[in-house]
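> Following is a predicted model, sequence given first.
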There are 2 protein chains.
Amino acid sequence: MNGCESCKYLENKSFLVYETKYWKIDLSEKQRYLGRCYVTLKRHCGDLAELKKEELLDFLEVVRNLESALKKAFGAVMFNWTCLMNNAYQAKIPQPHVHWHFKPRYDKKVKFAGLVFEDLEFGHHYSREEIKVSDIIQKKIIEKIKNNL
Amino acid sequence: MNGCESCKYLENKSFLVYETKYWKIDLSEKQRYLGRCYVTLKRHCGDLAELKKEELLDFLEVVRNLESALKKAFGAVMFNWTCLMNNAYQAKIPQPHVHWHFKPRYDKKVKFAGLVFEDLEFGHHYSREEIKVSDIIQKKIIEKIKNNL
C-alpha cells in the first residue's frame, strides 16, 4: 500500500458508473450538479504531464461517452472538467493521483427520483457549496446514466 | 466573424508565451497564481468532446512543457488545469471555444520583479478573488517563462 487515497478508492466499486482500460468513472455523492462524477486513472500517477498518450486518448473517449450520456439522461447543456489534486498536498509526503472532476451544467431544473436539481450558477463558475444525496439516490442516478451510455 | 471572444483573442499576441500547431498559450493578467496562463485551441470548437486526437496529444506536450517551465522559472509545486467555458453560456446564442485555465500552485512565497507572490490556498481549491498585475509585470513574467521553456 502506498497510502494514496485514490488508489484505495479504485478498489471501491459501490458507486461505479463504468470503467475503461485506463479510467474508472464513479458518481460523486456531491450532486449539486446532477451527474457529477470522478474520472480516476487506474494506475498511480501524480501529474497530468506524466500521462501516456494511450491514457489521454482513452480519456477523450470517456469525455465523449460521458457527456453524451448526461445530455441524453438529464439534458445537461455543457460540462466543467477540472484536474486539481490540491488536497493531496496537505500531506507531509504528498501522494497526488490523477483524477478529473466532471460537473454537468444545466439551464433548466431537472426533476429526478422525487428531487429537483437546479443549477443556480449556470453560465458562471461552479459553486463550492456541496449538496450531498443518499446512497439510494446515487444508485438511481448511476442507473439512469448507465442506460444512456 | 463569428462573434466568439476566444477567436478574437487568438489574433492578439500581446501576452503570448508561445504557440504550437494547435494551441496558443497566453499569460493572464490575473496573477494571484504566478504564471497563470490560458491555453486556447487555435480553431473554433465548443466542446472538449469534439477535440481531434492530434489536438489532444499536442495539448499533452503543452502540459509537459508549461509545467516544466514553471517549475524551473518560479519553483511551482503542482498545477490546476480546468476547462470550464461557463461565461460563453451567458449569451443568447452561446459561442463556447475550448480553452484551458492553467494555474501553477506554490508552497513558498516567490519574489519576482519587485513583487511578492504568495499562494495562501496551497493544498486547497484555488480562490476566485483575482489579483491583476500591470502590463510591464506581465511581460517580465512571460520573459522568465520563455527563458525556461
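Good, I have the coordinates. Numbers count the residues shown, from 1 in each chain, chains lettered A, B, ... in the order given.
> where does the residue nearest to the spatial centre of chain A land on pLDDT?
Ranked by distance to the mean C-alpha position of chain A (CA atoms, centre = their mean), the top residue is A:Cys37 at 1.8 Å. pLDDT recorded at A:Cys37 is 98.
> taking the mean pLDDT, what do you get for stretch A:138-149?
98.
> who does the lowest-mean-pLDDT helix or strand in chain A touch, helix- and strand-wise?
Here the helix or strand of chain A ranked lowest by mean pLDDT, DSSP states H and E is helix A:5-11, holding a mean of 94. When contacts are defined as 3 or more CB pairs under 8 Å, 6 or more residues apart in numbering or on different chains; DSSP states H and E, helix A:5-11 sits against strand A:37-41. Just so you know, the C-beta spots here come from the backbone N, C-alpha and C atoms, and that holds for glycine as well.
> ok, the nearest residue to A:Tyr38 once chain neighbours are set aside - contacts?
Among residues not flanking A:Tyr38 along the chain, A:Asp26 sits closest, at 5.0 Å (CB to CB, 6 or more residues apart in numbering or on different chains). Contacts for A:Asp26 (CB atoms under 8 Å, 6 or more residues apart in numbering or on different chains) come out as A:9, A:12, A:15-17, A:37-38, A:40.
> Could you rerun that using 10 Å?
Neighbouring residues of A:Asp26 by CB atoms under 10 Å, 6 or more residues apart in numbering or on different chains: A:9-10, A:12-19, A:37-40, A:99, A:138, A:142.
> Mark which of the residues you listed are buried, thanks.
A:10, A:15, A:17-19, A:37-40, A:99, A:138, A:142 (16 or more other CB atoms under 10 Å in any protein chain shown).
> buried sites along stretch A:51-65?
For stretch A:51-65, by 16+ other CB under 10 Å, it's A:51, A:55-56, A:58-60, A:62-63, A:65.
> So A:Val133 is in contact with A:Ser28, correct?
Yes: between A:Val133 and A:Ser28 there is a contact under CB atoms under 10 Å: 9.3 Å.
> Please enumerate the shared neighbours of those two.
A:Ile141.
> ok, A:Phe79 to A:Pro94 distance?
28 Å (CB to CB, to the nearest Å).
> Settle it for me: which of these two has more neighbours?
For A:Phe79 versus A:Pro94, the count of surrounding residues by other CB atoms under 10 Å in any protein chain shown is larger for A:Phe79: 22 against 17.
> Surely that one is in a helix?
No: if the criterion is DSSP: H, G, I helix; E, B strand; the rest coil, then A:Phe79 is strand and not within a helix.
> residues in contact with it?
A:Phe79 neighbours (CB under 10 Å, 6+ apart): A:33, A:35, A:63, A:66-67, A:70-71, A:102-105, B:47-49, B:83-85.
> ditto for A:Lys103
Applying CB under 10 Å, 6+ apart, we find A:Lys103 in contact with A:28, A:30, A:32-37, A:76, A:78-82, A:119, A:126, B:84.
> re earlier: surely the residue nearest to A:Tyr38 forms part of a helix?
No: remark: A:Asp26 does not belong to a helix; assigned using three-state DSSP, it is strand.
> Now do it against chain B, distance only.
19 Å (CB to the nearest CB, to the nearest Å).
> Which strand residues bridge that residue?
A:Leu16, A:Tyr38 (DSSP bridges).
> Pretty sure A:Lys13 sits against A:Lys24.
Yes: counting by CB under 10 Å, A:Lys24 is a contact partner of A:Lys13 at 8.5 Å.
> Tell me where chain A has strands.
A:16-19, A:23-27, A:37-41, A:78-83, A:99-105, A:110-112, A:115-117 (DSSP state E).
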